[in-house]
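Everything below, folded, please.
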Amino acid sequence: MQGKQRTILILVLGSLTAVGPFSIDMYLPGFPAIARDLQTDIAQVALSLTSYFIGISIGQLAYGPLLDRYGRRKPLIAGLLIYIAAAIGCGLSPTIPWLVAQRFLLALGGSVGIVAARAIVRDLFPVREVAKIFSTLMLVMSVSPIIAPSLGAFVADSFSWRYIFVILAAIAALVLIAVVRFLPKSRPPDHSVSLRPLSMARRYLDVFKEPTFVVYGLASAAASAGLFAYISDSPFVFMKLFGLSEQGYGVVFSMSACGVIGGTQVNRLWLRARTSREIAMTSVVIQCVVAVLLIAGVLAGAGSVVAIVMLFCYLAGIGFISPNTTALAIEPFASHAGTASALLGGIQMTAGALASALVSWFHDGTALPMAAALLLSSMVSLGLQLAHRARQRQDTQTG
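Here you go, the predicted structure:
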């Protein structure tokens with residue numbers, strides 16, 4: 001693959017993966033405006049975030065077999081068209097239940113980009129390069145949490161929160177044009193792939209029987225749980241608890257996203273000297289330490305500066321963990337990368353939905369539920385990787 005073609009491909013794939021984060025990050029600063037306009041509170045508005053997580057989980061599981069059976073392009077185009085229609089529906093929402101339902105449909109459409117991008121990377125690039133390519137995709141994707149909150153805050157403050165979804169529809173339309181124009185055919189359709197529910201369930205079960213997928217897929221899901229626990233509770237923590245304005249929240253959110261970006265790019269360099277397994281293990285240990293320090297800061301009544309610094313460091317850890325655990329999870333699958341990618345994405349988003357729901361359930365007017373969710377997520381990831389390493393050592397000794 002030539003350099004220019006490779007660059008364009010990565011930009012298109014990065015844009016596909018960025019559609020989902022943009023759908024979350026851009027409307028977060030609009031929560032207060034949405035609550036006022038629809039005559040409800042922020043807790044009810046947050047249900048639209050939970051419905052999005054549920055929709056993106058279901059959507060990814062549905063698209064996996066579709067991408068394997070029909071190739072990558074047709075399901076991509078169909079999903080993006082659904083997304084555009086749902087974004088317009090969100091902007092026209094008369095009530096919270098309508099917004100929650102439309103956000104679910106928005107996720108169903110947008111989830112195709114996440115699954116397809118990972119599958120196409122596995123189709124077109126050598127296994128040894130997959131982790132580096134994922135790091136590069138995360139660089140493109142990380143533009144979202146830097147630009148989206150500030151843009152969303154500006155739109156909500158200057159015009160109306162409804163125009164946020166008009167902009168999301170326009171972004172998806174541009175991505176759709178790029179897919180049609182520039183995305184190569186990475187894998188031919190495979191009509192032997194059955195779309196019967198029982199057959200699909202068996203295919204997913206076969207993927208989940210792979211020990212490497214289980215360990216690193218769940219470790220990746222734990223990282224996602226920590227990320228979405230932060231995303232779901234950060235509007236309350238920074239705008240209500242610490243008193244930041246919508247614009248101030250957008251700036252802080254963007255600063256935190258820089259942690260993820262920094263992690264992904266340092267990870268590319270680190271991969272020259274260490275394996276993905278080593279980097280993932282080291283990073284999650286550091287993450288656990290940072291989460292403990294964050295909880296200590298919350299209990300001690302530390303201010304926003306301490307929280308921002310700790311969260312920056314925690315999110316930087318995700319920049320190291322996510323590309324490596326994702327690459328390790330789908331590495332064993334060459335012929336059914338779409339199915340494996342879909343199952344991985346479904347697990348990640350399910351973990352994210354569960355984490356956001358638990359943070360809301362244990363809401364006590366402090367930042368402690370969010371901090372505890374971050375620590376729990378890191379500990380789960382660490383435990384999985386330690387158990388896997390111990391099993392490998394035992395197999396080596398007995399073998």
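
Quick check, pLDDT for the nearest residue to S304 once chain neighbours are set aside.
Spatial nearest neighbour of S304, chain neighbours left out: F242 (4.1 Å); criterion: C-beta to C-beta, 6 or more residues apart in numbering. The way it works is simple: take the backbone N, C-alpha and C, and place the C-beta from them, glycine included. Listed pLDDT for F242 reads 86.

is it true that F242 touches G303?
Yes. Counting by C-beta atoms under 8 Å, F242 sits close enough to G303 to count as a contact (7.3 Å).

ok so, going back, mind listing what the residue nearest to S304 touches?
Neighbour list for F242: 303-304, 307 [criterion: C-beta atoms under 8 Å, 6 or more residues apart in numbering].

quick one: low-confidence parts of this structure?
Filtered on pLDDT under 70, the chain yields the residue ranges 1-3, 127, 140-143, 145, 186, 334-337, 399.

just to revisit the earlier point, ChimeraX command for the buried members of the contacts of F242?
Filtering these down to the buried ones (16 or more other C-beta atoms under 10 Å) takes a single ChimeraX command:
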select :304,307
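
Pipe the contacts of F242 into JSON lines and attach secondary structure and distance to A170 per row.
Putting those into JSON lines (DSSP: H, G, I helix; E, B strand; the rest coil; distance: C-beta to C-beta, whole Å) gives the following:
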{"residue": "G303", "secondary structure": "coil", "distance to A170": "39"}
{"residue": "S304", "secondary structure": "helix", "distance to A170": "34"}
{"residue": "A307", "secondary structure": "helix", "distance to A170": "34"}
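
closest to Y216 among the contacts of F242?
A307 (29.8 Å; C-beta to C-beta).

Is it correct that that closest one is in contact with V237?
Yes. Applying C-beta under 8 Å, one finds A307 in contact with V237, separated by 7.1 Å.

Can you pull the residues that touch both of these two?
With C-beta under 8 Å, 6+ apart, A307 and V237 have common neighbours A367.

and stretch 171-181, how far out from the chain's middle?
Computed by C-alpha atoms, centre = their mean, to the nearest Å, the chain-centroid distance of stretch 171-181 equals 20 Å.

With stretch 303-323 instead?
Using C-alpha atoms, centre = their mean, the offset of stretch 303-323 from its chain centre is 15 Å.

Kindly report the same for stretch 253-267.
14 Å.

ok now do N267, which residues does it touch?
N267 touches 131, 135, 279, 319-320, 323-324, counting by C-beta under 8 Å, 6+ apart.

try 6 Å this time
Neighbouring residues of N267 by C-beta atoms under 6 Å, 6 or more residues apart in numbering: 135, 320, 323.

could you dump the residues you listed to CSV with secondary structure and neighbour count?
Shown next, in CSV, are the contacts of N267 (DSSP: H, G, I helix; E, B strand; the rest coil; neighbours: other C-beta atoms under 10 Å):
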residue, secondary structure, neighbour count
S135, helix, 25
F320, helix, 27
P323, helix, 28
